[in-house]
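A.B. asks: need a 3D model of the sequence below.
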Amino acid sequence: MSSSSNSTVWLNYMNVQVNRYLPLPFLILGTIGVILNMIIFTRRGLFINSCTHYLLGNTVANFVILYWVVFTRILSDGYKIDPSTTSDTFCKVRYFFTYVPRTLSTWFILLACIDRWASSIKVQRRFNSVPFARIVIVIATIICSVSFSNVLVYFGIQKSSTSTTCYAQPGPYRIFSDLQYLIFYALGPALIMLAFGLATLRNLRRTRRQVLPTGVQPTKNTTRRDGQLLAMLLMQVALIIVFTGPFAGQKLYDTFTLNVKKSPLRTAQDNLSGAIVRILSYGSHAFGFFVYTLSARIFRKELLRTVNSVYRRIMGRNLNATIASTMLMTHMYTMEMMNIH
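C.D. replies: Numbering: from 1, shown residues only. This next block holds a predicted model:
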C-alpha cells in the first residue's frame, strides 16, 4: 500500500473519530447553557424587554440545533447510522430542519441588534415593545421556512458509483442551495449585525454627549439594563463571527470546487477539514450562556437569583444566608486558631 493510500485511510479514520467525539462537548455544554438561558430569559427582570425575546428565540432555535442537527450528524458521520440515505422523505426533512433553525438562530440575533439600534435612535416606542418583537419573530420564522421550502423538493438521496448520500440535486440547484445557505446563515447576518452593532455604539456615544430635556431622561436602571443587554448582544455577535467565519470559507470552497475532480487523498483531506470547521460552527449555538454570563452583570444577577430560588425550595433557606454563615464560621475558626498559636 502506498503512502498516499495510507494517508487516505488514516484521514478517513480520523474523520469518523472527529465526528464521533468532537461534537460531544458542544452538546453537553450547549444543553446546560440552553436550559439556563430559557430559565433566565423568562424571569420578569429580563422578560419585559423586547431584546430579550429575540435572545429567547435564538435560544429555542439553538435547542433544536443541538438535538437535531448535532445529534443526527453524530449518528450519521460518527456511527454511520443515517436513515437519510435510505429514506428520501427523511433526507428532505433532515436538511430542512438543519437549515431553518441554524438560519433563524442568527436572524434572531440580527433582529436583536436592530432592536438595540432602534432603541438608540429613540424611534417610536412600539418598535421596542414586547408585542412587536413577538410579531417580528413569527414573521421571521415564516419567511425563513418559506425561503428554504425548496429543500423539501430538490433534496434527496444521491447515488454514485462510490457512495450514497443525502444532499441537493447536482447541477445549478446545488450551487444555488449552497450559496443560499451561506448567505442566509453565515455571511449575510454576520455583516449586517456588525453594521448595526457599530451604528448602535455610535448613537449611544452621541446620546451621552447630548443634554436631554427634563422629563425625557431615561431612568438609571433602564439605561444600565439596556447597556448590559447591548454588551451581551455584541459579545454574541463576536461569537457568531468567530465560529461561522471559517464555516463560510469552507462552504465557499466546497461550492466552487464542486465540479473539480479530486484524488481520494484530497477528498479525504477536504472531508476532515470540513468536518472540523462544521463542528466548530456549533460553538455559536452552544456557548451563548457563557458569553452572557461573562459580559453582563444583569445576567449574572438573574442567574444567582435562579440558583438561590432552586436552593431555597430544596433546602428551605436562602443560599446567600448559607454562604454568609459559612464565611462567618470560617472567619471565627481562623481567628481562634491564630489566638491559639
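
A.B. asks: okay, CA-based contacts and neighbour counts for the rest of this
C.D. replies: OK.

A.B. asks: all strands for the stretch 151-300 of the chain, in order.
C.D. replies: Ranges of strands in the stretch 151-300 of the chain, per DSSP state E, counting those that start in this stretch, are 155-159, 164-168.

A.B. asks: where does the prediction get shaky in the stretch 51-200 of the chain?
C.D. replies: 122-126 (pLDDT under 70).

A.B. asks: walk me through the domains of this structure.
C.D. replies: 27-210+218-295, 308-341 (automatic domain parsing).

A.B. asks: start and end of the longest one, how far apart?
C.D. replies: When you say that, I think you mean domain 27-210+218-295. Domain 27-210+218-295 has its terminal residues 22 Å apart, counting by Cα to Cα, to the nearest Å.

A.B. asks: before we move on, the earlier item: so which of the domains of the chain gets nearest residue 15?
C.D. replies: domain 27-210+218-295 (5.0 Å; Cα to Cα).

A.B. asks: pick out the residue nearest the middle of this protein.
C.D. replies: residue 285 (2.4 Å; Cα atoms, centre = their mean).

A.B. asks: please name the nearest non-neighbouring residue to it.
C.D. replies: residue 62 (5.3 Å; Cα to Cα, 6 or more residues apart in numbering).

A.B. asks: secondary structure element for the one you found?
C.D. replies: helix 50-64 (DSSP states H and E).

A.B. asks: give me the contacts around that helix.
C.D. replies: With contact meaning Cα atoms under 8 Å, 6 or more residues apart in numbering, helix 50-64 is reached by 31, 34, 37-38, 41, 46-47, 101-102, 104-106, 108-109, 111-112, 115-116, 128-130, 132-134, 137, 229, 285-286.

A.B. asks: same thing but at 6 Å, please
C.D. replies: When contacts are defined by Cα atoms under 6 Å, 6 or more residues apart in numbering, helix 50-64 is touched by residues 34, 101, 105, 108, 112, 128, 129, 130, 133, 285.

A.B. asks: what's the separation between the residue nearest to the centre of the chain and residue 196?
C.D. replies: Using Cα to Cα, one gets 21 Å for the distance from residue 285 to residue 196.

A.B. asks: so how far is stretch 77-97 from its chain's centroid?
C.D. replies: When distances are taken as Cα atoms, centre = their mean, to the nearest Å, stretch 77-97 is centred 23 Å away from the chain's centroid.

A.B. asks: need the contacts of helix 50-64 in TSV (columns: secondary structure and distance to residue 79).
C.D. replies: As requested, these are arranged in TSV below (DSSP: H, G, I helix; E, B strand; the rest coil; distance: Cα to Cα, whole Å):
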residue	secondary structure	distance to residue 79
34	helix	26
101	helix	24
105	helix	27
108	helix	33
112	helix	38
128	helix	46
129	coil	47
130	helix	44
133	helix	41
285	helix	23
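
A.B. asks: farthest-apart pair in those residues, please.
C.D. replies: 129 and 285 (25.7 Å).

A.B. asks: can you give me the helices for the stretch 151-300 of the chain?
C.D. replies: Under the criterion DSSP state H, counting those that start in this stretch, helices of the stretch 151-300 of the chain are mapped to 151-154, 172-181, 188-209, 220-256, 264-280, 283-286, 288-295, 297-315.

A.B. asks: state the mean pLDDT of the fourth one.
C.D. replies: Looking at helix 220-256 alone, the average pLDDT works out to 80.

A.B. asks: tell me how far the helix holding residue 62 lies from the chain's centre.
C.D. replies: 9 Å.

A.B. asks: can you give me how far the helix or strand following it is from the chain middle?
C.D. replies: Per DSSP H and E, the first helix or strand lying C-terminal to helix 50-64 is helix 71-73. Relative to the mean C-alpha coordinate of its chain, helix 71-73 is positioned 16 Å out (Cα atoms, centre = their mean).

A.B. asks: would a markdown table of the strands of the stretch 151-300 of the chain with distance to residue 269 and mean neighbour count be doable?
C.D. replies: Formatted as a markdown table, the strands of the stretch 151-300 of the chain follow (distance: least, Cα to Cα, whole Å; neighbours: other Cα atoms under 10 Å):
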| stretch | distance to residue 269 | mean neighbour count |
| --- | --- | --- |
| strand 155-159 | 22 | 19 |
| strand 164-168 | 18 | 19 |
